[in-house]
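Asker: kindly return the folded structure for what I paste below:
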Amino acid sequence: MAVIPVDLAGRSYEVHVGPGLLTRLPELAGPLLRKTAVTVVADANARRHWGPALDEALRASGRTALWYEVAPGEASKSWSELARLTDWLLAQGVERGDHVLALGGGVVGDLTGFACAILKRGCGFIQLPTTLLAQVDSSVGGKTAINTDAGKNLVGAFHQPALVLADLATLATLPPRELRAGYAEVLKYGVLGDADFFDWLTENCAKVLELYEKPLEQAVATSVAAKARIVAEDERETSGARALLNLGHTFGHALEAEAGFSDRLLHGEAVALGMVLAARYSARRGEISEDAARRVSAAVDEAGLPSEIPALRLSCTGETLVSHMQHDKKMDAGTLPFVLLHDIGDAYLARDVELADMAIFLTEQLQEP
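Answerer: Model (predicted):
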């Protein structure tokens, strides 16, 4: 098991990475579980697969789980679901010193974290991520949010968990497509800031996706450590360091919006394609070699993730995608910063991108290769 600290002034916590962690929850969470009744928010799939093990672990420690079930999918990150969840937590008598468990993927973590951020002006929560994407990205760093008609994650709060238990055993129940989508966020850490990790992934992609224990733990722990360093430096995305974690996301969110934030395009798939587009646009600006851009695309292809927009069969134009981008929460005084590349492992924040030029580029990318 790897233990990665997230060092924040007065609010530091640990991320544990390894197999079998859910069954050790009472031991690892320790005094965070103050009461015999423990509130657990879970999506239906996570509860079906891992609810019995969590129930048994809590029961063996003299505790009982109180379950709130969330429908899988982005639709659950809504105002209406947030209202239902907060009302339920209040009905259970959750206090500011309690810790709510969030069992599932990024949707459950985001929704539960936001509910805990606003409940009685802030109560605690513990992340129990059961998807690869959540384990390496959304469960770490304290970003919580819901979606609105205007776009994804536009209403939320920074609210750090008290503990993250990334149980690698839970990944065995993921559909292959979900696992590949999570791998996109692993690959992102190599592309944005660690060329050696990128090279390691090109050699070990198949082993990670086939859930070989040691390569999988190394991939997850390296990713979490990379995010922890950035979050410690720039918790609330004010210095620009944390903004680098958005590599692929501005492109990806626009594609997700055009796909209706549905299972037609998973978040990780959108990020993977967004990274390819960021690399290609960087090459178009002469800031990264064409060969490096091709290496990013090849790594995405190797993982079975989309690397071309036409494969999505979207009926849109470059201007349409740019219009989605203009709803991005990173818009500042009419300017939208993009995370681009000087090289693999060397990302930077570009504030000089003309959206008209971006529309031309995206129109080109919409053509069949």
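
Asker: which strand or helix spans residue 204?
Answerer: helix 195-209 (DSSP states H and E).

Asker: could you give the mean pLDDT of that helix?
Answerer: Average pLDDT, helix 195-209: 98.

Asker: for the biggest helix by length in the chain, which outside residues touch it?
Answerer: Using DSSP state H to define each element, the chain has its longest helix at helix 213-233. Helix 213-233 is contacted from outside by 2, 4-8, 15, 17-19, 132, 135-137, 140-142, 166, 168, 171, 185-186, 189, 193-194, 197, 201, 204, 207-208, 239, 241-242, 244-245, using C-beta atoms under 8 Å, 6 or more residues apart in numbering. C-beta coordinates here come from the backbone N, C-alpha and C atoms, glycine included.

Asker: what ranges do the strands span in this structure?
Answerer: Per DSSP state E, the chain carries strands over the ranges 2-6, 13-18, 37-43, 64-70, 99-104, 124-129, 143-148, 151-158, 163-167, 338-343, 346-350.

Asker: of the ones you listed, which shows the lowest average pLDDT?
Answerer: Among these, strand 151-158 carries the lowest mean pLDDT, a mean of 90.

Asker: direction included, what does that one pair up with?
Answerer: strand 143-148 (antiparallel) (DSSP bridges).

Asker: centre of the chain to the partner strand, how far?
Answerer: How far strand 143-148 lies from its chain's middle: 12 Å, per C-alpha atoms, centre = their mean, to the nearest Å.

Asker: can you tell me what sits against it?
Answerer: For strand 143-148, the external contacting residues (C-beta under 8 Å, 6+ apart) are 74, 77-79, 81-82, 109-114, 116-117, 152-159, 261.

Asker: any idea how far residue 19 is from residue 1?
Answerer: Residue 19 sits 8 Å away from residue 1 when distances are taken as C-beta to C-beta, to the nearest Å.

Asker: what about the nearest residue to residue 152 once chain neighbours are set aside, neighbour count?
Answerer: Spatial nearest neighbour of residue 152, excluding adjacent residues (C-beta to C-beta, 6 or more residues apart in numbering): residue 253 at 5.6 Å. A count of neighbours around residue 253, defined by other C-beta atoms under 10 Å, yields 26.

Asker: now do the longest helix of the chain, average pLDDT.
Answerer: 97.

Asker: what residues of it count as buried?
Answerer: 215-228, 230-232 (16 or more other C-beta atoms under 10 Å).

Asker: tilt between it and strand 13-18?
Answerer: Interaxial angle, helix 213-233 versus strand 13-18 (axes from the mean of the first three to the mean of the last three C-alpha atoms, to 10 degrees): 170 degrees.

Asker: nearest to residue 304, of the strands of the chain?
Answerer: For residue 304, the closest of the strands of the chain is strand 124-129, at 21.6 Å, according to C-beta to C-beta.

Asker: low pLDDT regions in the chain?
Answerer: Residues of the chain meeting the criterion pLDDT under 70: 333-334.

Asker: just give the closest residue to residue 145, not the sequence neighbours.
Answerer: Leaving aside its sequence neighbours, residue 145 sits nearest to residue 156 (C-beta to C-beta, 6+ apart; 2.7 Å).

Asker: got a list of what the one you found touches?
Answerer: The contact partners of residue 156, by C-beta under 8 Å, 6+ apart, come to 110, 114, 117, 143-146.

Asker: repeat the analysis, applying 6 Å as the threshold.
Answerer: 114, 144-145 (C-beta atoms under 6 Å, 6 or more residues apart in numbering).

Asker: ok, of the residues you listed, which come out buried?
Answerer: Buried members of those, scored by 16+ other C-beta under 10 Å, are 114, 144-145.

Asker: what would those residues look like in a markdown table with distance to residue 343?
Answerer: Shown next, in a markdown table, are those (distance: C-beta to C-beta, whole Å):
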| residue | distance to residue 343 |
| --- | --- |
| 114 | 36 |
| 144 | 33 |
| 145 | 31 |
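
Asker: so which of the residues you listed comes closest to residue 286?
Answerer: Residue 286 lies nearest to residue 145 out of those, by C-beta to C-beta, at 35.5 Å.

Asker: please tell me how far that closest one sits from residue 78.
Answerer: The gap separating residue 145 from residue 78 is 11 Å, by C-beta to C-beta.

Asker: next one: residue 69
Answerer: Relative to residue 78, and taking C-beta to C-beta, residue 69 is found at 15 Å.

Asker: how about residues contacting stretch 243-256?
Answerer: With C-beta under 6 Å, 6+ apart, stretch 243-256 has contacts from 152, 188, 192, 237, 265, 270-271, 274-275, 277-278, 321, 324-325, 328, 338-339, 347, 349.
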